[in-house]
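1. here is a sequence with its predicted model. Questions after.
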Amino acid sequence: MNSDRQAAPAVPGENRIIWAVAITQLIGVGVLFHSFTLFLKPLNAEFGWTAFQVTSAFTLALFVADVVAIPIGYLMDRRGGRVIMTMGAVIGAVALFSASRISNLTEFNLAFVAVGVAQSMLLGNIPASVIAANVRDYRRGLTYVAIIGGLSSAVAAPIVSVIINQHGWRAGMVALASILILGPGLICAFALRGTVGSRTEEFARRKMAISEGRLPSAAQGGTSPLRSALRTRAFWALTVAFSVHWYVMSGISVHLVPLLDERGLSTGLAVTIFALTGPAAVVGRLIMHFLDPMGSARRTGRLAFPIFACGMLILIFAGAFGAAGHFIFAFVHGAAGGVIMIVRQTVIAEIFGLRGYAAISGAMSTISILPRTMSPVTLALLRDGLGGYQPVLWFLFGLILLGTLAYFIGTSDRRRPAH
């Protein structure tokens, strides 16, 4: 053990890694995700594109991000995340700068193909994998990153809105590109030095050098961790559960304001209720952290999924209670949804171990392409076909019940798959 301790270089300061990843997510999610909606109106004004044409580019970005999630996750496990996340910031900056120069819809879509690659390299699975492979108490690290990253919408929207209003949408794209390269780009290049992937020799030596039981154990040879995970019931059940979560969250984020308008609420009030879901997610994560800082992701998810279902029930019956009922929904829905996002990141490590974490997480994302990208469109078709949103909400409630059952099945077997 002493020889292992001497052979392994000092692990970079864990707090430095957590803060670097957290700030990267605060900026990156705001730039590459939440700011997009602010460009809908100016692009329509200049080019006459419909909301469907513009949002199709963003859907394309999400699709590309999921398609490349497995190979990028494989590289993360083998090489570490510093270069991947740094290059993600660079690619994202180049893509946004290119978007500022476009003159037709084809060029705009091509720019967002690159945005999708940047999302896969800089957001979601890869930063979570950096924490999982380099922070002993990875659950605490992922929670802190999620709490800080959850503030991204509140930070990005006002800044981008001011730039667009004063200097136009093209200047807004250039500003976002500059923020991405000067923020996450430099942070990842310098603050993530010395970090490793979960299938590197250095990771194996560090595991031997730390206190027993602080990281989940996993064999360091033999079968690929991803292939081993794919043979388990837990992987497929959890993929169903988190696909349902993505589907519902994606659909509600697009359709909540029109739904509230259908129920007679003013646009300003509807936007306020929608905006509450972001801070509610942060509150939910804080409550989870302080009430159960060392708890099991299995147990936390078994509480969060039923609460998520309750949130949808509240929305179904909130019409009879006016704005108050919808504010309650926004808080419950946002808090439970935010907690489930952390559960997804941590339960993978609890069940499958840390070795191959990025590839396994990326595989779940790739398999869930359609739920992540097609939810807004399919819910719109259901709404038009059924004559209103109320039947759509019952459909979503049924899906959440299915996802809850799948989560309980996926977390019922505590045996780790053989490698």
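-> Happy to help now that I have it.

2. tell me the contacts of Pro184?
-> Pro184 is in contact with Ile23, Thr24, Ile27, Gly28, Met85, Gly88, Ala89, Leu122, counting by Cβ atoms under 8 Å, 6 or more residues apart in numbering. Just so you know, the C-beta spots here come from the backbone N, C-alpha and C atoms, and that holds for glycine as well.

3. so it versus Met87, what's the distance?
-> In this view, Pro184 and Met87 are 11 Å apart by Cβ to Cβ, to the nearest Å.

4. same check on Ile316?
-> 45 Å.

5. tell me the pLDDT of the closest residue to Glu46 other than its chain neighbours.
-> Using Cβ to Cβ, 6 or more residues apart in numbering and skipping the chain neighbours, the partner closest in space to Glu46 is Trp169 (7.4 Å). With respect to pLDDT, Trp169 has a value of 90.

6. what's the spacing between the spatially most central residue of the chain and Gly81?
-> Nearest to the mean C-alpha position of the chain, by Cα atoms, centre = their mean, lies Gly124 at 4.5 Å. Going from Gly124 to Gly81 by Cβ to Cβ gives 12 Å.

7. where does the prediction get shaky in the stretch 1-150 of the chain?
-> Flagging of the stretch 1-150 of the chain using pLDDT under 70 yields the residue ranges 1-12, 37, 51.

8. try the stretch 301-419 of the chain
-> Checking the stretch 301-419 of the chain against pLDDT under 70 turns up 413-419.

9. where along it do the helices fall?
-> Using DSSP state H, counting those that start in this stretch, the helices found in the stretch 301-419 of the chain span residues 322-352, 357-367, 369-386, 390-410.

10. which of these is buried the deepest?
-> Of all the helices of the stretch 301-419 of the chain, helix 357-367 has the most neighbours on average by mean count of other Cβ atoms under 10 Å, namely a mean of 26.

11. same for that one, what does it pack against?
-> Packing contacts for helix 357-367, counted by 3 or more Cβ pairs under 8 Å, 6 or more residues apart in numbering; DSSP states H and E, involve helix 51-67, helix 69-79, helix 125-134, helix 225-230, helix 233-262, helix 322-352.

12. closest one to Leu276 among those helices?
-> Among these, the nearest to Leu276 by Cβ to Cβ is helix 322-352 (4.1 Å).

13. please compute how far that closest one lies from its chain's middle.
-> Offset of helix 322-352 from its chain centre (Cα atoms, centre = their mean, to the nearest Å): 12 Å.

14. which neighbouring elements make contact with it?
-> For helix 322-352, the packing partners by 3+ Cβ pairs under 8 Å, 6+ apart come out as helix 125-134, helix 138-149, helix 225-230, helix 233-262, helix 267-291, helix 297-317, helix 357-367.

15. alpha carbons of the third one, as PDB, please.
-> In other words, helix 225-230. In PDB, the C-alpha atoms belonging to helix 225-230 read as follows (Å, rounded to 0.1, in the frame of the first residue of the first chain):
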ATOM      1  CA  PRO A 225     -17.600  -2.100 -18.200                       C
ATOM      2  CA  LEU A 226     -20.100  -0.900 -20.800                       C
ATOM      3  CA  ARG A 227     -20.700  -4.300 -22.300                       C
ATOM      4  CA  SER A 228     -21.100  -5.700 -18.800                       C
ATOM      5  CA  ALA A 229     -23.600  -3.100 -17.900                       C
ATOM      6  CA  LEU A 230     -25.600  -3.600 -21.100                       C
END
